[in-house]
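K.L.:
coords below, sequence missing:
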């Protein structure tokens, strides 16, 4: 959790204050006290967990739904590697920062800012910083998915959001986001599937069965997507889908 808190600090500080570059002093020496040994072990554990912390941060945000929907859109259009994966990931990250900006600012003001000012301790700062993200996850999570993980752990139903453990909130949020993303992907596939079926039927009626239908349907897919301003509609509705 310490690594997660540090990532939250970097994530939230970017929205709430000017970045400050810390000084780093690296040295190797034998521990002179048990406390120094514990601190060294904490640093080693922190560096190990830090490799997974960015993934944990993105699993608490809107990034998961966005990147899945964009990937399905590319497959539905049949454009192979266009747009490239790097472009889709960059777009998903930019939209994630846009959607999560109010949440990150709230976490910074309630937890990280007082902690940096030495007004509250680590435990309270972590709780206050995570609470806006937990509220965001719970609001976008189905009750059925939350109940699933409560049943797995044999826990009683929570009376409010504060009673939901962070691990359960994150797990249920990911399951719910996957289902929502697949539902949106199904709706995206339908119009493109209709175009493929129409083109295939026309080619078969003309006796041109050797001609790949994708070569004919792809320009029509691109034309229709551009005419309806598909990116505007898709991005607008995706952003509005988050509570």
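P.N.:
All right, it came through fine. Note that this is a predicted model, so its numbers are computed, not measured. Residues are numbered from 1 along each chain as shown.
K.L.:
can you give me the helices for this structure?
P.N.:
Across the chain, reading from the start of the chain, the helices by DSSP state H fall at 2-16, 34-50, 53-58, 63-77, 85-107, 113-116, 122-139, 143-152, 166-205, 213-227, 230-240.
K.L.:
turn these into a markdown table, columns for distance to residue 159.
P.N.:
(C-beta placed from N, C-alpha, C; glycine too.) Shown next, in a markdown table, are those (distance: least, C-beta to C-beta, whole Å):
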| stretch | distance to residue 159 |
| --- | --- |
| helix 2-16 | 25 |
| helix 34-50 | 31 |
| helix 53-58 | 26 |
| helix 63-77 | 28 |
| helix 85-107 | 23 |
| helix 113-116 | 27 |
| helix 122-139 | 13 |
| helix 143-152 | 12 |
| helix 166-205 | 14 |
| helix 213-227 | 47 |
| helix 230-240 | 30 |
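K.L.:
now these as CSV including mean pLDDT?
P.N.:
Compiled in CSV, these are given as follows (pLDDT from 0 to 100):
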stretch, mean pLDDT
helix 2-16, 51
helix 34-50, 61
helix 53-58, 71
helix 63-77, 87
helix 85-107, 87
helix 113-116, 77
helix 122-139, 83
helix 143-152, 86
helix 166-205, 85
helix 213-227, 79
helix 230-240, 87
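K.L.:
so can I have CSV of those showing mean neighbour count?
P.N.:
Formatted as CSV, the entries for those read as follows, by neighbours: other C-beta atoms under 10 Å:
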stretch, mean neighbour count
helix 2-16, 18
helix 34-50, 11
helix 53-58, 16
helix 63-77, 20
helix 85-107, 17
helix 113-116, 18
helix 122-139, 19
helix 143-152, 14
helix 166-205, 16
helix 213-227, 15
helix 230-240, 13
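K.L.:
what's in contact with stretch 75-86?
P.N.:
Here stretch 75-86 makes contact (C-beta atoms under 8 Å, 6 or more residues apart in numbering) with 74, 91, 185, 188-189, 192-193, 196, 214, 217-218, 221-222, 225.
K.L.:
out of those, which comes closest to residue 61?
P.N.:
Within the contacts of stretch 75-86, distances to residue 61 taken as C-beta to C-beta reach their minimum at residue 91, with 14.3 Å.
K.L.:
if I look at the closest residue to the closest one other than its chain neighbours, how far off is residue 217?
P.N.:
Of all residues beyond its chain neighbours, the one nearest residue 91 is residue 70 (6.7 Å), with distances taken as C-beta to C-beta, 6 or more residues apart in numbering. Going from residue 70 to residue 217 by C-beta to C-beta, to the nearest Å gives 20 Å.
K.L.:
number of nearby residues for the closest residue to residue 100 other than its chain neighbours?
P.N.:
Nearest non-adjacent residue to residue 100, counting by C-beta to C-beta, 6+ apart: residue 61, 5.0 Å away. Applying the criterion other C-beta atoms under 10 Å, we find 24 residues in the vicinity of residue 61.
K.L.:
how much space separates the residue nearest to residue 91 from residue 129?
P.N.:
Distance from residue 70 to residue 129, by C-beta to C-beta: 29 Å.
K.L.:
ok, residue 176 next?
P.N.:
With the distance defined as C-beta to C-beta, residue 176 ends up 22 Å from residue 129.
K.L.:
then residue 89?
P.N.:
Computed with C-beta to C-beta, the distance linking residue 89 and residue 129 is 26 Å.
K.L.:
ditto for residue 114
P.N.:
Separation of residue 114 from residue 129 (C-beta to C-beta) stands at 10 Å.
K.L.:
may I have the phi/psi pair for residue 78?
P.N.:
When quoted as degrees, to the nearest 10, the phi and psi of residue 78 stand at phi 70, psi 30.
K.L.:
then the one 5 residues further on?
P.N.:
In this entry, residue 83 is assigned phi and psi values of phi -70, psi 150 (degrees, to the nearest 10).
K.L.:
got it, and residue 165?
P.N.:
With angles defined as degrees, to the nearest 10, residue 165 sits at phi -60, psi 150.
K.L.:
cool, thanks, signing off.
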